[in-house]
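Peer 1: quick one: sequence plus predicted model below, questions after.
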Amino acid sequence: MRNFGTKVLSLGLALGVGLGFTVATTDSAKAWEPKKPVEFIVMAGKGGGADKAVRFIQTIIAKNKMSSKPFTPINKPGGSGAEALVHVKNAKDPNHTLMFTLNSFYTTPLLQPGLGVDTMTFTPIGRMAEDTFLLWVNKDSGITTVAQFVKAAKKAGNKWIMAGTGKNSEDNILTDFLNKAYGLNMKYVPYKGGGRVAKELAGNNANSTVNNPSEQLGFYQAGKTVPIGAFTPERLPLFKDAPTFKELGKDFVYFMQRTVVGAPGMSKEAAAYYQGLFKKIFDSTEWQGYMKKKSLQGGFLTGDALMKYWMKESAVQKAILIKMGVKIGRAACRERV
């Protein structure tokens, strides 16, 4: 699935678009520092994977005195990230506004063209990781394999509850995949944030979920939930008993970006400061340890390389939505080049 965007990416590169974002020199980076607290917008609810990552980054900055001004996490999960996107797009002070993104950074503008959001106008600060997804069930269900899950879900029909974070969100897309791939009719029930979704499964208020490892890890370690399938190319080291769907004959791989972006209109000096800061955070022993603990993958990207990644992933997400039969607004169908 992740090859969908290759042709679109190649086209964009062939056109030689001058995206104009590069990592500035050390001298220019030193010339600018935040003058007041930095808004760190999270386009998801509290307790989810994005929220946990942002608050961990906040502690790294504070602990190591990386900034003279605080970074303040602000959750804006409304409208599958639309609330966050519009807030950052219209930021009154672009130099002090950052956002931590999910794949809704791509999909929400496609599905809601009326927002007038063009993600290619945002400032590329740094990709901190690509997050992974697993299919989870409650341990009390006795289900330990995808085959057992399919049998139980088919028998239950639309009484089988798949908890998620909202219409056309990442877990909604993966639920649609499971329904179509296995002939299921699960009922998708949305909650506010991946953390709440994980709690619903642990409390036996849902039959299954598609969560990031960071959201379910505590419940998994407590023996309340079990991962039975991974949407990754290879098995995850922390969950070696969970086969990939590719192993099971369903070649579907899905990642979610964990990227820091700046508001449109951010100055080059401010962008250089944040790019340098988040590269230091990425290289820190704290963040590298966090990535390993939470099964996060991928290297650091910034500047032009990150913009190219956005172009590719936007095409990937659009292709997935189309394949799943999701209608995309006309205004959102134009290729970003």
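Peer 2: Good, I have the coordinates.
Peer 1: okay, now the unreliable bits of the stretch 201-337 of the chain?
Peer 2: When residues are selected by pLDDT under 70, those of the stretch 201-337 of the chain lie in 329-337.
Peer 1: let's see 90
Peer 2: Across the stretch 201-337 of the chain, the ranges flagged by pLDDT under 90 are 251-252, 320-337.
Peer 1: secondary structure element for the spatially closest residue to residue 135 that is not a sequence neighbour?
Peer 2: Once flanking residues are discounted, residue 135 sits nearest to residue 229: 4.2 Å by C-beta to C-beta, 6 or more residues apart in numbering. For glycine as for every other residue, the C-beta is placed from the backbone atoms N, C-alpha and C. Taking DSSP states H and E as the definition, one finds residue 229 inside strand 225-230.
Peer 1: if we can go back for a sec, quick check: the residue nearest to residue 135 vs residue 223, distance?
Peer 2: Computed as C-beta to C-beta, to the nearest Å, the residue 229 to residue 223 distance reads 19 Å.
Peer 1: ok, those two, which is more surrounded?
Peer 2: residue 229 (23 against 9; other C-beta atoms under 10 Å).
Peer 1: got a list of what that one touches?
Peer 2: Counting by C-beta atoms under 8 Å, 6 or more residues apart in numbering, residue 229 makes contact with 134, 135, 146, 149, 242, 243, 244, 245, 248.
Peer 1: who touches the first one in this structure?
Peer 2: Put plainly, it is residue 134. Residues near residue 134 by C-beta under 8 Å, 6+ apart: 210-213, 216, 227-231, 236, 239, 242.
Peer 1: any chance you could map the helices in the stretch 51-200 of the chain?
Peer 2: In the stretch 51-200 of the chain, the helices defined using DSSP state H, counting those that start in this stretch lie at 82-89, 104-111, 146-156, 170-182, 194-202.
Peer 1: what's the closest of these to residue 328?
Peer 2: Taking C-beta to C-beta as the measure, the helices of the stretch 51-200 of the chain were each checked against residue 328, and helix 104-111 came out nearest at 5.3 Å.
Peer 1: helix 82-89 and the closest one, what's the angle between them?
Peer 2: Taking axes from the mean of the first three to the mean of the last three C-alpha atoms, to 10 degrees, one finds helix 104-111 and helix 82-89 inclined to each other by 100 degrees.
Peer 1: which strands and helices sit next to helix 104-111?
Peer 2: Contacts of helix 104-111 with other secondary structure elements, assessed using 3 or more C-beta pairs under 8 Å, 6 or more residues apart in numbering; DSSP states H and E, are made with helix 82-89, strand 256-262, helix 303-323.
Peer 1: quick one, domains of this protein?
Peer 2: 6-131+255-332, 134-239 (automatic domain parsing).
Peer 1: now do the first one: distance to the chain's middle.
Peer 2: Okay, so that is domain 6-131+255-332. Average the C-alpha atoms of domain 6-131+255-332, do the same for its chain, and the two points are 10 Å apart (C-alpha atoms, centre = their mean, to the nearest Å).
Peer 1: circling back to that earlier point, of the contacts of residue 229, which belong to strands?
Peer 2: Filtering the contacts of residue 229 for membership in strands, criterion DSSP state E, returns 134, 135.
Peer 1: which of the contacts of residue 229 has the most neighbours?
Peer 2: For those, counting by other C-beta under 10 Å, the largest number of neighbours falls to residue 134: 27 neighbours.
Peer 1: so that residue bridges to which residues?
Peer 2: Beta-bridge partners for residue 134, by DSSP bridges, are residue 211, residue 230.
Peer 1: name the residues that touch stretch 65-72?
Peer 2: 33-40, 57-58, 60-62, 98, 277, 280-281.
Peer 1: how many neighbours does the residue lying closest to residue 271 once chain neighbours are set aside have?
Peer 2: Distances taken as C-beta to C-beta, 6+ apart place residue 123 nearest to residue 271, at 5.2 Å, with adjacent residues excluded. Counted with other C-beta under 10 Å, the burial measure for residue 123 works out to 27 neighbours.
Peer 1: alright, I will stop here.
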